[in-house]
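Asks: 3D, please:
(2 chains, ligands or ions: 2)
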Amino acid sequence: MSPTAAARQIDPPANGLSSHAGIYHYDQVDRDFLKERVEQFRRQVARRLAGELTEDEFKPLRLMNGLYLQLHAYMLRIAVPYGILTSRQVRQFGRIARQYDKGFGHFTTRQNLQFNWIKLVDVPAILDLLAEVDMHAIQTSGNCIRNVTSDQFAGVASDEVVDPRHYAEVLRQWSTLHPEFSFLPRKFKIAITGSSADRAAICIHDVGLIAKRGADGTVGFEVYVGGGLGRTPFIAKKLRDFLPEDELIAYLEAVLRVYNAYGRRDNIYKARIKILVHELGIDAFRDEVEAEFARMPVAQYRLEPAILDGIRTRFASQPYEALEPISGILARARLEDQAFNRWVRTNVAVHRQPGYAIATITLKPAGGIPGDVSADQMDVIADLADRYSFGEIRVTHEQNLVLAHVRQDDLPALWKALADIGFGEANSGLITDIIACPGLDYCALANARSIPLAQRISERFADLDRQHDIGELKIKISGCINACGHHHVGHIGILGVDKKGVEAYQLTLGGSAAEAGAIGDILGPALSADETLDAIDAVVGVYLDQRQDGERFLDTLARIGHTPFKDKVYAAH
Amino acid sequence: MARVTDAPKVVTANRLQDGAVVWLTAAGDWSIRVADAQVQTDASSAEAALGIARASAARQEVVEPYAVDVVVEATGPRPLKTREWIRAAGPSIDAIPTAA
Ligand code: HEM
Ligand code: SF4
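Replies: Ligands and ions are numbered 1, 2, ... in the order given. The predicted structure follows:
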């Protein structure tokens, strides 16, 4: 899994159907490694079950393998590298869900998949099934570099400057089992995009990278550092405007070394790199990084073009057909069917390839659980991916899926098939496209439930006419201050709190995870779940009353400020 | 309502093998039904029950035992805290997605 391994020969994919999916294809060395790793954990589980290991001894071992103990069962978190999956992998998730969980899985804001009902005794068998499809749960927990996340439209977005997937893969190989960075002060999350529109929430990551081109056309990276949510949220600060491509790894090593040396280990709440950057100041932090960088044998870390080429060849490309840029079939279907037209407006994006489109499958049916997919639905989605999108499926940080290479001609049929499994909702980016963490229904750290509140909001605003009238409005819900549900950056953020033993919810307005990221401001005292629903109605009402032509919710809020919203929400109190 | 700390208690943990929520019974073993839990009404019996539970944890049968405040109803003990009644009853939501 080292960058030098990249030039090895590519194995034929184990399943022809997925051969064109844009994932990095494993070879025998990768597979042997995974197998050995599963065996290692199998032995550890056996020793735990035999009573030879205590929980204190076992916990760090299971966390290294993505296994948590939640309220009702163990939870297994599976890494989806930069959010890209093959249909075969999704079918395997379905099989695991049926055989070892309660028939469903949960896609998360970190583009991963979690199973909520796992038995410890079954974990080795599950890891075997994952390894069969080149997947694992390594580094999905613990104080290491976590699964790298990216733009779900990578490689196909019309506004993309540089395809970030190959760099994401470089980062994956570099950070996997990196001995120096396996025991950092705290977890470390890297996100990368190559587009002008930020769909990867770059600004809230420990390191955020924007791949771009210099004046001479060479690739480099805008580097951001110190973003994060949790109890002390920060928007990342710019560390470098243009880091040359070949220095990517060397420079990140320098950043991680500075963090490893100076990041606090005495206080878990101050251990993230955001605190270090904040306390040192970005300029002093940059000086430290540059000094470390200057001391390093940079040549040794150079990201050689040959390594990148090797990685590129391990990504299948999609054999697109030569198509007319505008599909007559699509145009007619949009005219004939208003519901379909509406779905195209919210859930379909422009593809760089003429005649193709990017389709977002929102996992947010009215009243549904954000991000939950049943095993049967997984099978159907895998089939649809094979039929319409070269066997590839992507996960978004907004807990949705994407078919990234759909012929425009096929969109009507795709939409009908999605509607048949309850995922045809035309709500991408709208008020019911809610992010919600597992909350108190599953999570041992929660203060309040997230999912039932998301469901009630989704029901209250189910009317699609109303949703489309309201337009872009992102609600994000976390069950505690850890902020797994990104509430700080919700246009409307909802934080579950414990008010003298009773669940309550604190609203924030004006957060954003897009290009110019922002942390939302607290609106006022926490509310009950019922009051929260009414408060959201009230906030939406103020916006609809006050908005001027073409203004989105965030625009109106920026223009009129918080007071009118606050007055309305707390009027009855 | 009585002060939470004065409330009757039951002892709970998660079972090692599968993570299931379990409750300490009068027989000193574990049940997955909160209704089977033995209710401790004074501090010394609660401490004794916790001792039994900790011994079980030391035998690597369960993980992280602790005591939970309850009210005793006709159907049996009901944990007071939301977190604990969700542990007792399972998620408050229909866990299986409805569509398809
Ligand atoms: C077993 C359940 C979980 C536990 C114990 C857990 C734990 C935590 C903790 C302690 C933090 C705060 C980190 C800090 O401030 O340093 C955090 C943040 C975060 N978690 Fe989770 N989490 C869980 C589930 C999830 C899920 C389901 C997701 C994805 C949907 C997720 C994604 C995130 C994100 C995006 C953040 C905030 C970004 C950051 O500052 O790191 N977590 N989590
Ligand atoms: S935000 Fe809190 S409640 Fe929600 S998943 Fe994270 S740790 Fe659990």
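Asks: wait, isn't A:Glu392 in contact with A:Gln89?
Replies: No. Between A:Glu392 and A:Gln89 there is no contact under C-beta atoms under 8 Å: 9.9 Å. Yep, even glycine has a C-beta here, placed from its N, CA and C like the rest.
Asks: what helix or strand is A:Asp30 located in?
Replies: Per DSSP states H and E: A:Asp30 is located in helix A:28-49.
Asks: list the buried residues in that helix.
Replies: Neighbour counts over helix A:28-49 (16 or more other C-beta atoms under 10 Å in any protein chain shown) mark A:Asp30, A:Phe33, A:Leu34, A:Arg37, A:Val38, A:Phe41, A:Gln44, A:Val45, A:Arg48 as buried.
Asks: so what's the residue nearest the centre of chain B up against?
Replies: The residue lying closest to the centre of chain B (C-alpha atoms, centre = their mean) is B:Thr12, at 3.3 Å. B:Thr12 makes contacts with B:Val21, B:Val22, B:Trp23, B:Leu24, B:Ala37, B:Pro65, B:Tyr66, B:Ala67, B:Val68, B:Glu84, B:Arg87, as judged by C-beta atoms under 8 Å, 6 or more residues apart in numbering or on different chains.
Asks: the last one contacts B:Val21, doesn't it?
Replies: Yes. Applying C-beta under 8 Å, one finds B:Arg87 in contact with B:Val21, separated by 4.8 Å.
Asks: which SSE is immediately downstream of the helix or strand A:Tyr259 falls within?
Replies: In the assignment (DSSP H and E), A:Tyr259 maps to helix A:248-262. As assigned by DSSP H and E, the chain's next helix or strand after helix A:248-262 is helix A:273-280.
Asks: and the contacts of that following helix?
Replies: Contacts for helix A:273-280 (C-beta under 8 Å, 6+ apart): A:186, A:188, A:206-207, A:225-228, A:232, A:234, A:236-237, A:258-259, A:262-264, A:285, A:288.
Asks: let me see the mean pLDDT of it.
Replies: Helix A:273-280 shows a mean pLDDT of 97.
Asks: could you check the pLDDT of the residue of chain B found nearest ligand 2?
Replies: Closest to ligand 2 within chain B is B:Arg83: 10.6 Å, counting by C-beta to the nearest ligand atom. At B:Arg83, the pLDDT value in this model is 95.
Asks: show me what contacts it?
Replies: Counting by C-beta under 8 Å, 6+ apart, B:Arg83 touches A:Leu71, A:Leu440, A:Ala446.
Asks: which of the residues you listed fall in helices?
Replies: Among those, none falls in helices (DSSP state H).
Asks: out of the residues you listed, who's nearest ligand 1?
Replies: Using C-beta to the nearest ligand atom, A:Ala446 comes nearest to ligand 1 of these, at 8.6 Å.
Asks: just checking, that closest one touches A:Ile477?
Replies: No. Contact criterion C-beta under 8 Å: A:Ala446 and A:Ile477 do not qualify, at 11.2 Å.
Asks: give me the common contacts of those two.
Replies: A:Cys437, A:Gly439, A:Gly496.
Asks: which of these come close to ligand 1?
Replies: Checking the shared contacts of A:Ala446 and A:Ile477 against ligand 1 by C-beta under 6 Å from any ligand atom, the ones in range are A:Cys437.
Asks: returning to what we had before: among the contacts of B:Thr12, who's most crowded?
Replies: With neighbours taken as other C-beta atoms under 10 Å in any protein chain shown, the top of the contacts of B:Thr12 is B:Val22, carrying 27 neighbours.
Asks: so how far is A:Ala50 from the closest residue to A:Leu61 other than its chain neighbours?
Replies: Nearest residue to A:Leu61, sequence neighbours excluded (C-beta to C-beta, 6 or more residues apart in numbering or on different chains): A:Gln44, at 5.0 Å. As for A:Gln44, its distance to A:Ala50 is 11 Å (criterion: C-beta to C-beta, to the nearest Å).
Asks: in its sheet, which strands sit next to the longest strand seen in chain B, and in what direction?
Replies: Identified as the longest strand of chain B according to DSSP state E is strand B:62-73. Partner strands for strand B:62-73, per DSSP bridges, with pairing direction: strand B:9-15 (antiparallel), strand B:76-79 (antiparallel).
Asks: cool, thanks, talk later.
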